[in-house]
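K.L.:
The following comprises the amino acid sequence and a computationally predicted model.
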Amino acid sequence: MGGDRGSGSYRSYPLFTAKSEVKLLPTAGFVHSHAEKPFFKFFDVDGNYQSAIYIEFDIVELTPEHIDYAIENSNPMIDLESSVKNAKEIPNYWPVWEDYAIDENGYIWVKMNINLPHEREWWVFTQTGELLIQDSLEELDQIRHIGSDYLFSSYKVDGVTELRRFKYSIE
């Protein structure tokens, strides 16, 4: 969201949009994500398109209750309420997905928005689009690194961010 304040414009914390990002694959190449849709394109090391996966999911209409919840739970250092009031455009739908990571095996971990605004699930896909895991994994607020059998996640406890290590296996 963005708006005008004084002599300039500003952008608020990107809570209402997923991130369009490029992430490296462990086997050389990279993945590019779409900011609004759960759409991931795979490229080789030279930037040549290889394949794509799209996650079919019902979209959720953004309600005033969702916005109020986001304002109440935003970082106290961010004036999200003013950002919402001064926003030029607020999307009609909550984003289907929130974040993603790539593990050392090349699997894609996508943080999906399930029962909004409270519940999220991590879905793990192969590069061909096969769903391997679908779990709430409540302890995983933000994945920082995924190894072959462990992952590191940052997690907020009483306003303090902790780094935690978890063991996992995909069978």
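P.N.:
Happy to help now that I have it. Predicted, not measured: the structure shown is a model, and the values here were computed from it.

K.L.:
Arg57 is in contact with Met112, isn't it?
P.N.:
Quick fix: residue 57 reads Phe, not Arg. Yes: in terms of CB atoms under 8 Å, Phe57 counts as a neighbour of Met112; the distance is 6.9 Å. The C-beta positions use only the backbone N, C-alpha and C, and glycine is treated the same way.

K.L.:
So for the two, which residue has more residues nearby?
P.N.:
Neighbours around Phe57 and Met112, counted as other CB atoms under 10 Å, are more numerous at Met112. The numbers are 19 against 14.

K.L.:
Could you pull up the contacting residues of that one?
P.N.:
For Met112, the contacting residues are 38, 55, 57, 96-98, 120-123, by CB atoms under 8 Å, 6 or more residues apart in numbering.

K.L.:
One more: Leu24?
P.N.:
With contact set as CB under 8 Å, 6+ apart, Leu24 has these partners: 30, 102.

K.L.:
quick one: it from Val157, how far?
P.N.:
For Leu24, the distance to Val157 (CB to CB, to the nearest Å) stands at 30 Å.

K.L.:
same check, this time on Lys23
P.N.:
Distance of Lys23 to Val157, given as CB to CB: 27 Å.

K.L.:
The two: who's more crowded?
P.N.:
Comparing Lys23 with Val157 by other CB under 10 Å, the one with more neighbours is Lys23, at 13 against 9.

K.L.:
Bridge partners for that one, pull those for me.
P.N.:
Each beta-bridge partner of Lys23 is listed here: Val31, as defined by DSSP bridges.

K.L.:
Return, as residue ranges, the portions of this structure with sub-threshold pLDDT.
P.N.:
1-19, 74-94, 116-118, 137-141, 171 (pLDDT under 70).
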